[in-house]
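*Asks:* Give me a model of this one.
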Amino acid sequence: MDIYVMRYTFLKMAAKLISSFVIILIATPAVAGVRDTSKVDTIVLTPDKIQSIELICNTTKIQPKTEVINSQSEFNRFIGNACHPLPDIDFAKQTLLYFPTKTAGCNAKYIRTVKMAGTLVIYQVTVFLHDGCTMLYFNNNCIVIPKIDSRCTVRFKKTETTKHDAR
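*Replies:* Numbers count the residues shown, from 1 in each chain. From the prediction side, this is the model:
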């Protein structure tokens, strides 16, 4: 066999292998259900879509952890008999997010924002503090938002700042 024919055959086989490998690399994320999240629109809920709920509770009966509540049965399990009166929430259309926070300062103002991108929901509480004392503030940061899918991932984020120009 001529050396040139062997080189040609080898290069042809190598090209097929490389192109097959490239196709596998390109197709794998799509087959695995991986999508480019940079192309998902981020939605920031406007204040009229975020309803703060005042829960007057015996806080020793409620766990100090974040909660995503999508049904009346989940809400009843979470609250038990610790809160009265119970807020009226339509779980067919709404989801309750519970994000208890503690902070120290002379005065605290809370700003709550919710951002949604695909199946990711970020609930951020920004606490504006006035320094000078160590009074402890506990806030339930309980809000009701439009219904989210139970497959959504909710991240809870707290930021504290001592700026005096809280809007």
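*Asks:* wait, doesn't L96 sit right on S52?
*Replies:* No - counting by C-beta atoms under 8 Å, L96 stays clear of S52, with 11.1 Å between them. (Each C-beta comes from the backbone N, C-alpha and C, glycine too.)
*Asks:* Between the two, point out the one with more neighbours.
*Replies:* Neighbour count, other C-beta atoms under 10 Å: between L96 and S52, L96 has more, with 23 against 12.
*Asks:* Excluding covalently adjacent residues, which one is nearest to that one?
*Replies:* With sequence-adjacent residues excluded and distances taken as C-beta to C-beta, 6 or more residues apart in numbering, L96 is closest to I69, at 4.2 Å.
*Asks:* before we move on, the earlier item: got any residues that touch both of L96 and S52?
*Replies:* C142, I143 (C-beta atoms under 8 Å, 6 or more residues apart in numbering).
*Asks:* Distance of the residue nearest to L96 relative to Y98?
*Replies:* Going from I69 to Y98 by C-beta to C-beta, to the nearest Å gives 7 Å.
*Asks:* who touches both of the two?
*Replies:* Both I69 and Y98 are contacted by F78, under the criterion C-beta under 8 Å, 6+ apart.
*Asks:* what's the following helix or strand after the helix or strand of the chain with the lowest mean pLDDT?
*Replies:* Sorting the helices and strands of the chain by mean pLDDT, DSSP states H and E puts helix 3-31 at the bottom, at a mean of 50. Downstream of helix 3-31, the next assigned helix or strand under DSSP states H and E is strand 42-44.
*Asks:* who does that following strand touch, helix- and strand-wise?
*Replies:* Counting contacts by 3 or more C-beta pairs under 8 Å, 6 or more residues apart in numbering; DSSP states H and E, strand 42-44 is packed against strand 107-117.
*Asks:* residues making contact with the strand it packs on?
*Replies:* Contacts for strand 107-117 (C-beta under 8 Å, 6+ apart): 37, 40-45, 49-50, 52, 97, 121-130, 137, 139, 141, 143, 145, 148, 166-167.
*Asks:* Which segments of this structure make up each domain?
*Replies:* Following automatic domain parsing, the chain resolves into domains at 1-34, 37-161.
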